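# have a look at this prediction, sequence included:
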Amino acid sequence: MDPQDMNAPRSCEGFNVRLKGTAAARTPASERQATSTLRAESRQVTSTLRTESRQATSTLRTESRQVTSTLRAED
């Protein structure tokens, strides 16, 4: 993008928007807070899913070893 075009009017869903200053300056505080909250919740969900995935993987490996051991014992 040409730097001179940075302040050119932009069309966004039918509205003309001028890009000026930083994103934080253009974004209302309530929206920044909502975004921050969503990011924090997303990090928590991601962390929880990783933990559950590790636990499930560990359980499956343990069960697989037990089945393999049982099958070998039957041979």
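Received it, and whenever you're ready, just let me know what you need.
# how close does Arg39 get to Thr27?
Distance, Arg39 to Thr27, using Cβ to Cβ, to the nearest Å: 14 Å. C-beta coordinates here come from the backbone N, C-alpha and C atoms, glycine included.
# which residues of the chain fall in strands?
Remark: strands assigned in the chain by DSSP state E are 10-12, 15-17.
# so where's this structure shaky on pLDDT?
Applying pLDDT under 70 to the chain flags the ranges 1-25.
# for it, which segments count as helices?
In the chain, the helices defined using DSSP state H lie at 23-26, 29-74.
# mean neighbour count for those helices - can I get that in JSON lines?
Below are the helices of the chain laid out as JSON lines (neighbours: other Cβ atoms under 10 Å):
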{"stretch": "helix 23-26", "mean neighbour count": "9"}
{"stretch": "helix 29-74", "mean neighbour count": "10"}
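# state the phi and psi torsions of Pro28.
Main-chain torsions, Pro28, degrees, to the nearest 10: phi -60, psi 150.
# for it, give me its contacts.
The contact partners of Pro28, taken as Cβ atoms under 8 Å, 6 or more residues apart in numbering, number zero.
# residues near Thr27, how many?
12 (other Cβ atoms under 10 Å).
# who are the contact partners of it?
Thr27 neighbours (Cβ under 8 Å, 6+ apart): Thr35.
# could you report the distance from it to Gln66?
In terms of Cβ to Cβ, Thr27 sits 54 Å off from Gln66.
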